[in-house]
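**Student:** okay, structure incoming, though there's no sequence with it:
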């Protein structure tokens, strides 16, 4: 039997990107909501709820980049130059918010500067990620084995819309995370934010979903032709179900259900995206098999991945378990 | 001006971002191991001094590690943004090695870092020691893989070239354990340990001097200060000679595989037989001659061939298109070796003073060590300049030229990102260094003082009282 390594790896990379989105999504989201919550104690609580977990979450982004380099080097070589500006803006914004986690505690009078760095970095990084995604969905001009466009081509109305959608989406993840982790004023505010951003995200998901099929013929064929329509129609239906569970959970005051529903919304949107893309990694031009490294490379890394990814999931799960429950105003994380 | 084209700007950007990044791993590799030793020593001996030291260095580790993470993410994307042709061609070989680094090292570090920094009370002492060990193991694994990558670019092996011009693995063992890898790994790991040792020594020496002057913050632990000083001096005495041996071995390896790099380090344009050792000079690449040369005859042969007769090849016996720029490796090599010799001298001096029982109260040694605090970083960056500039004009030595590795990007885009990096890194990491220095200015405290001092606020035991935040003092115990 011939094993399709490229397909397996496409699945694994897709998983890594999804893991990144739902994990770093909530800690970026906490940063996005930072400016809307006043009071030092509240902000301490918000930051403490993600402090021990954020760099593990961000490691999935390194795996996304490093993994693409490893298994789809051609895609990596085409996509990165095409998204030059948004990628660097994202990386620099991540530097701002990453250092703020430690630096914020070293200041008193100037603490507000690191609050700005944390919030601003989170917002800009998220927006840049959304723009990058939009630009990729829209398509990248390719000639031979290289990107053939200019350095502003990523900037389009569609990519700005996806940028906005991701900011609202991460804010929802952050808000529902804080519903789960926060107490007192933080909880109350998070509860309100979750409703607002939940509604906003549904509208934006709708807009992006309506726009996307018009970008490539393949997208249109997949979503609106018989019989493939039959297979994909559960996705929008499940989105509606997840949305119902989100608002239902918020209304009944459950603490975990809203977060899990928000994650489901992300997973479903992501599945929708995968349905549109497959088997392309750069829409309409490069398939996963075109882009894949030779089997000998894919096999070599797969051996390690099969052992290491379950291990990673185990000890990541362990870290989440150690820091489970409400953060509390009196949490001793930094003692 | 050729320096403002996309190629040179992209090279500058890579050099700048990697030089900033390397500072943090060079420090945290050593510091993670040190933290593990301290935590384990406390577990075994139950002496509070080890835990006091652990808690002291943990905070400095947290600051440096955060900066290392964020500056490292940049590196994993920059191969693609600026060097996409390189990425496409070497991806099948170097990609999986980077993939292994992420899977086996980064996740291990990040996964257990939270527990190591914040989780001692939640997981208990034994698991906490384990978490510390995992973080240290992660930093080591990271060094292993990334040096395999770097070494392969210097001395590629175990590959074939496929129809579309990609390097494709033929023998993974040869790819990873390529000819320069074992030497480079040893040399870099020892460098990381020494960098940390001299930082620890510098901080300890500063506090010993303060104690002598009677100006130390009340409640400090003299045992902790002496203990870390003594540990750092043992490292200097034992590891510096090992490092000199490792450096020599790497030099011999370089002579075998990259003789032009040796010619650059040694400053030889002409063939030499036997070779002298150029102590100083100013290389003139245009006219291919060394100006103001100060040279000791025959010593070069002795160092690189371990005999008095064998010669060395100079630049002129290679085609000019192969020459790396000589000045950066030539000067950087002298800086690195100079620092190594100073470190050796200090290691021996410390042994003598320890024997005389005057290790902790020889002001001359203490002052020297305060100045030598950052010396490891300077040596590491110099060594990196030697090996990377000495590899030019290639990215994959002898096979893929730097000029042929670049992305199809425009100069203004690279210029913009380069300027952004310079501004952001200097501002943010500048603040980071400031916080680290401020932390270092405070001494390690006695544990009972730490309890009453720190429990109100995070890290406050080491924050001067005027930095305290009384408003939340009760809230975050």
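**Tutor:** Thanks, I have it. For clarity, every value in this text was computed on a predicted model and none was experimentally measured. Numbers count the residues shown, from 1 in each chain, chains lettered A, B, ... in the order given.
**Student:** got any ranges where the chain has weak pLDDT?
**Tutor:** Defaulting to chain A. A:1, A:328-335 (pLDDT under 70).
**Student:** if you could check chain B rather than the one you did, that'd help
**Tutor:** B:1-3, B:448-477.
**Student:** quick one: the strands in it?
**Tutor:** Taking DSSP state E as the criterion, chain B contains strands spanning B:159-161, B:167-169, B:277-284, B:289-296, B:394-396, B:400-401.
**Student:** can you give me the buried ones in the first one?
**Tutor:** With burial defined by 16 or more other CB atoms under 10 Å in any protein chain shown, the residues of strand B:159-161 counted as buried are residue B:159. Every C-beta, even on glycine, is put in place using the N, C-alpha and C of the backbone.
**Student:** please work out which residues outside that strand touch it.
**Tutor:** By CB atoms under 8 Å, 6 or more residues apart in numbering or on different chains, the residues outside strand B:159-161 that reach it are B:93, B:167, B:168, B:169, B:170, B:175.
**Student:** with stretch A:241-251 instead?
**Tutor:** Applying CB under 8 Å, 6+ apart, the contact partners of stretch A:241-251 are A:176, A:179, A:191, A:194-195, A:198, A:202, A:256-258, A:260-262, A:264-265, A:268.
**Student:** just flag the most distant two among those.
**Tutor:** A:191 and A:268 (23.0 Å; CB to CB).
**Student:** and what about residue A:284, helix, strand or coil?
**Tutor:** coil (DSSP: H, G, I helix; E, B strand; the rest coil).
**Student:** and residue B:299, how many neighbours does it have?
**Tutor:** Residue B:299 has 16 neighbours, counted by other CB atoms under 10 Å in any protein chain shown.
**Student:** ok, back up a step: can I get the buried part of the contacts of strand B:159-161 as one PyMOL selection?
**Tutor:** Selection of buried members from these for PyMOL, criterion 16+ other CB under 10 Å:
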select buried, chain B and resi 93+167+168+169+175
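**Student:** what's the closest of the contacts of strand B:159-161 to residue A:40?
**Tutor:** Distances from residue A:40 to the contacts of strand B:159-161, taken by CB to CB, are shortest for residue B:93, at 50.8 Å.
**Student:** contacting residues for residue 47?
**Tutor:** The chain I'm using is chain A. The contact partners of residue A:47, by CB under 8 Å, 6+ apart, come to A:30, A:101, A:104, A:118.
**Student:** wrong one, chain B
**Tutor:** With contact taken as CB under 8 Å, 6+ apart, residue B:47 is in contact with residue B:41.
**Student:** need the buried ones from the contacts of stretch A:241-251 selected in PyMOL.
**Tutor:** The buried residues among these can be selected in PyMOL (16+ other CB under 10 Å) with this line:
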select buried, chain A and resi 176+179+191+194+195+198+202+257+258+260+261+262+264+265+268
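**Student:** nearest to chain A: which residue in chain B?
**Tutor:** residue B:91 (2.3 Å; CB to the nearest CB).
**Student:** contacts only, for the closest residue to that residue other than its chain neighbours.
**Tutor:** Spatial nearest neighbour of residue B:91, excluding adjacent residues (CB to CB, 6 or more residues apart in numbering or on different chains): residue A:73 at 2.3 Å. Applying CB under 8 Å, 6+ apart to residue A:73 gives the contacts A:291, A:293, B:87, B:88, B:90, B:91, B:92, B:95, B:166.
**Student:** could those be laid out in CSV, adding neighbour count?
**Tutor:** Listed next are the contacts of residue A:73 as CSV, based on neighbours: other CB atoms under 10 Å in any protein chain shown:
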residue, neighbour count
A:291, 27
A:293, 29
B:87, 26
B:88, 26
B:90, 27
B:91, 31
B:92, 26
B:95, 27
B:166, 21
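**Student:** what's the closest of those residues to residue A:114?
**Tutor:** For those, the nearest to residue A:114 is residue B:87 (34.5 Å; CB to CB).
**Student:** show me what the helix or strand where residue A:275 lies is packed against.
**Tutor:** Applying DSSP states H and E as the criterion places residue A:275 in helix A:257-277. Applying 3 or more CB pairs under 8 Å, 6 or more residues apart in numbering or on different chains; DSSP states H and E, one finds that helix A:257-277 contacts helix A:5-33, helix A:111-138, helix A:157-181, helix A:185-211, helix A:217-224, helix A:234-252.
**Student:** buried deepest among these, which one?
**Tutor:** helix A:157-181 (a mean of 25; mean count of other CB atoms under 10 Å in any protein chain shown).
**Student:** residues in contact with residue B:68?
**Tutor:** Applying CB under 8 Å, 6+ apart, the residues near residue B:68 are B:21, B:24, B:25, B:28.
**Student:** most surrounded residue in these?
**Tutor:** Counting neighbours by other CB under 10 Å, residue B:28 comes out on top of the contacts of residue B:68 with 29 neighbours.
**Student:** residue A:325: neighbour count?
**Tutor:** 9.
**Student:** phi, psi of it?
**Tutor:** phi 80, psi -180 (degrees, to the nearest 10).
**Student:** surely residue B:146 and residue B:101 touch.
**Tutor:** Yes - if you go by CB atoms under 8 Å, residue B:146 and residue B:101 touch, sitting 5.8 Å apart.
**Student:** of those two, give the one with the bigger neighbour count.
**Tutor:** residue B:101 (25 against 19).
**Student:** chain neighbours aside, what residue packs nearest to that one?
**Tutor:** Going by CB to CB, 6+ apart, residue B:101 has residue B:145 as its nearest residue, at 3.6 Å.
**Student:** tell me who's in contact with that neighbour.
**Tutor:** Residues counted as contacts of residue B:145 (CB under 8 Å, 6+ apart) are B:97, B:98, B:100, B:101, B:104, B:105.
**Student:** before we move on, back to that, redo the contacts of residue A:73 as JSON lines? Include distance to residue B:382.
**Tutor:** JSON lines is the format used below for those (distance: CB to CB, whole Å):
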{"residue": "A:291", "distance to residue B:382": "39"}
{"residue": "A:293", "distance to residue B:382": "35"}
{"residue": "B:87", "distance to residue B:382": "28"}
{"residue": "B:88", "distance to residue B:382": "32"}
{"residue": "B:90", "distance to residue B:382": "26"}
{"residue": "B:91", "distance to residue B:382": "30"}
{"residue": "B:92", "distance to residue B:382": "33"}
{"residue": "B:95", "distance to residue B:382": "29"}
{"residue": "B:166", "distance to residue B:382": "34"}
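**Student:** circling back: out of the contacts of stretch A:241-251, which is nearest to residue A:286?
**Tutor:** residue A:268 (25.6 Å).
**Student:** tell me who's in contact with the closest one.
**Tutor:** Residue A:268 is in contact with A:235, A:238, A:239, A:242, counting by CB under 8 Å, 6+ apart.
**Student:** now the last one, nearest residue through space, not along the chain?
**Tutor:** Spatially, and ignoring its direct neighbours in sequence, residue A:242 is nearest to residue A:264 (4.1 Å; CB to CB, 6+ apart).
**Student:** now do that neighbour against chain B, distance only.
**Tutor:** Using CB to the nearest CB, to the nearest Å, residue A:264 is found at 25 Å from chain B.
**Student:** next: residue A:317.
**Tutor:** Taking CB to the nearest CB, one finds residue A:317 at 10 Å from chain B.
**Student:** swap in residue A:129?
**Tutor:** According to CB to the nearest CB, residue A:129 and chain B sit 12 Å apart.
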